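[1] Return atomic coordinates for the entry below.
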Amino acid sequence: MNDSYANYSYNKDTKEYIKDDKHRKLVYVNLQEESLEEGRFVNIAIRKIKIEEDFISYTLTSFIEAMFDFGLISLEEYNLYIYGTEDLKEIALTQTGLGMNLISRLKQVGQLDNLEPDDFGNLKANEKFIKYKESLDDFYRFEIDRYL
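    Predicted structure coming up:
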């Protein structure tokens, strides 16, 4: 069993992840049962992991941009890494501020064709999309209303 704090995440309950008989580890820490000092170590470890992930992501993004600038990767490869898609319409919607999760959801229900950026980069919706938006729960409607 690996007891390194780097393998823990914050949660109410302690759970054991079992891959097979030889690979077991705790994936949650019950901070209510840990001492205050151990809880601080867990919080520090989680923050450190987050900082390292952000640094790697920033460095890798800079590297991808440099590779694109020098012509070492294609526009499609660049878009796939930076935006997570090669679809130019989805990229345009991302650039207007919509998140990829919302774009994916709209794509699943066939509503991307009902949204278009105008000449100034603002999103415009047609009547079909407005009717669809009225059927959404408050969370998604709020997110969409921020951009329309």
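[2] Next one, pLDDT for Y17 please.
    At Y17, the predicted lDDT confidence score is 56.
[3] One more: V29?
    According to the model, V29 scores 56 on pLDDT.
[4] Same check on the one 4 residues further on?
    pLDDT recorded at E33 is 57.
[5] burial measure for the nearest residue to N126 once chain neighbours are set aside, as a count.
    Excluding the flanking residues, the one nearest N126 by CB to CB, 6 or more residues apart in numbering is N114, at 5.0 Å. Where C-beta positions appear, they are placed from N, C-alpha and C, glycine not excepted. Neighbours of N114 under the rule other CB atoms under 10 Å: 17.
[6] Next: I46.
    Counted with other CB under 10 Å, I46 comes out at 16.
[7] how far is the strand or helix carrying it from where the chain is centred?
    Assigned by DSSP states H and E, I46 belongs to helix 36-69. In terms of CA atoms, centre = their mean, to the nearest Å, the centre of helix 36-69 is found 14 Å from the chain centre.
[8] Following element in sequence after that helix, please.
    Following helix 36-69 in sequence order, the next helix or strand is helix 75-83 (DSSP H and E).
[9] Give me the contact list for that next one.
    61, 64-65, 67-68, 85-86, 90-91, 94, 100 (CB atoms under 8 Å, 6 or more residues apart in numbering).
[10] any idea of the mean pLDDT for it?
    For helix 75-83, mean pLDDT is 93.
[11] Next secondary structure after it?
    Past helix 75-83, the next helix or strand by DSSP H and E is helix 88-95.
[12] I'd guessed T96 sits against P117; true?
    Yes: judged on CB atoms under 8 Å, T96 makes contact with P117 at a distance of 5.6 Å.
[13] okay, and the common contacts of those two?
    L123.
[14] where does this structure dip in pLDDT?
    1-39 (pLDDT under 70).
[15] Fine by me, we can end here.
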